[in-house]
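Visitor: Below are the sequence and a predicted model; questions follow.
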Amino acid sequence: MLRSFFSAMRMYSRIPVPDVEWKEENRRYSLCFFPAVGAVIGAMIMIWQRLCAGLHTGQFMYAAGAVAIMVAVTGGIHLDGFCDTCDARASWGDREKKLRILSDPHIGAFAAIKLGIYLVLYTALFTELTEPHAAAVVCLGFVLSRALSGLAAVTFRSAKREGTLHVFSAAADKKTALFCLSFTAVLSMGAMTLTDMPTGAAAAAAALLVFAWYRFVSYREFGGITGDLAGWFLQVCELSVAAAAAFTYRIMEVR
């Protein structure tokens, strides 16, 4: 279990952990620990929020720092998948062409444009999430998005029999992963709702809607999921959670 935890941390984050041998038995429970990366990101952003509040910094400083924390902890691994998927979908090619584009290490114009828009939108949304309970909802969303991504890895069809996602899902103890990730998803949604009823419920609903859309797009356009698509889902899910939380929070304030 400990080696699986270290494998998950080394693969999905830049958090320093002891090195472990790259073999199947050391990845058996790695997907169960994937949400732990989200918990670290959430905790760091909440600490940053309290620091910014104590120093009375501007909203943009807080928002830019929150987005920077997200990228720094993950090393941009999920943003890489987001970019590759944006390029593939923008090609409007057939399934084979899109899968080839996913394997291309170069970034295209569409990915660069959408990445810029994504980061601007994410930063803007965080400027609306300066209150602790609103920020906490989004921070819990980092755990939920990874729990849902892990569930997809063990339940959705894979588009190809290679790549990082296939390596982790093939090695996984699927029954254990399904239980742990389902429990984590339910627990995080419950915590989001208890933190702030309307804001948390809206954010959790947004995550579930994106999860359903992820399956639809992956199956229709790619024949299943890949590691790049998983990264794309994670980023879109987290942006949607932040958007739902920010707008619901402001609507409730106006009322």
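Guide: Sure, I can see it.
Visitor: Let's verify the spatially most central residue of the chain: helix, strand, or coil?
Guide: Per CA atoms, centre = their mean, the C-alpha nearest to the average position across the chain is that of residue 234, at 3.0 Å. Taking DSSP: H, G, I helix; E, B strand; the rest coil as the rule, one finds residue 234 in the helix state.
Visitor: Leaving out the residues flanking it, which one is nearest to it?
Guide: residue 78 (4.6 Å; CB to CB, 6 or more residues apart in numbering). Heads up, the C-betas are built off the backbone N, CA and C, glycines and all.
Visitor: roughly how far is the host helix or strand of the one you found from the heart of the chain?
Guide: Assigned by DSSP states H and E, residue 78 belongs to helix 77-90. Centre-to-centre, helix 77-90 and its host chain are 13 Å apart (CA atoms, centre = their mean, to the nearest Å).
Visitor: now for that helix, which elements pack on it?
Guide: helix 95-103, helix 109-126, helix 227-254 (3 or more CB pairs under 8 Å, 6 or more residues apart in numbering; DSSP states H and E).
Visitor: And the average pLDDT for the shortest one is what?
Guide: Across helix 95-103, pLDDT averages out at 90.
Visitor: do stretch 57-77 as well
Guide: For stretch 57-77, the per-residue pLDDT averages 95.
Visitor: Sketch out the low-pLDDT regions of the protein for me.
Guide: Applying pLDDT under 70 to the chain flags residues 162-172, 255.
Visitor: just to revisit the earlier point, what's the most buried one of the helices and strands packed on helix 77-90?
Guide: helix 227-254 (a mean of 22; mean count of other CB atoms under 10 Å).
Visitor: tell me what that one is packed against?
Guide: helix 77-90, helix 109-126, helix 132-155, helix 164-171, helix 197-217.
Visitor: Serialize these to a markdown table and add fields for distance to residue 241.
Guide: Formatted as a markdown table, the helices and strands packed on helix 227-254 follow (distance: least, CB to CB, whole Å):
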| stretch | distance to residue 241 |
| --- | --- |
| helix 77-90 | 14 |
| helix 109-126 | 9 |
| helix 132-155 | 4 |
| helix 164-171 | 22 |
| helix 197-217 | 5 |
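Visitor: Please name the residues that touch the residue nearest to residue 234.
Guide: With contact set as CB atoms under 8 Å, 6 or more residues apart in numbering, residue 78 has these partners: 230, 231, 232, 234, 235.
Visitor: Can you tell me which of the helices and strands packed on helix 227-254 is nearest to residue 60?
Guide: helix 109-126 (7.4 Å; CB to CB).
Visitor: Using CSV, list the CA coordinates for the closest one.
Guide: Output of helix 109-126 as CSV, limited to C-alpha atoms (Å, rounded to 0.1, in the frame of the first residue of the first chain):
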residue,chain,number,x,y,z
ALA,A,109,-2.1,26.6,-32.2
PHE,A,110,-5.5,25.5,-30.9
ALA,A,111,-4.0,24.1,-27.7
ALA,A,112,-2.0,27.3,-27.1
ILE,A,113,-5.1,29.4,-27.5
LYS,A,114,-7.3,27.3,-25.3
LEU,A,115,-4.6,27.0,-22.7
GLY,A,116,-4.3,30.7,-22.5
ILE,A,117,-8.1,31.1,-22.2
TYR,A,118,-8.3,28.4,-19.6
LEU,A,119,-5.7,30.0,-17.3
VAL,A,120,-7.3,33.4,-17.6
LEU,A,121,-10.7,32.0,-16.8
TYR,A,122,-9.4,30.0,-13.9
THR,A,123,-7.6,33.0,-12.4
ALA,A,124,-10.6,35.2,-12.9
LEU,A,125,-12.9,32.6,-11.1
PHE,A,126,-10.5,32.5,-8.1
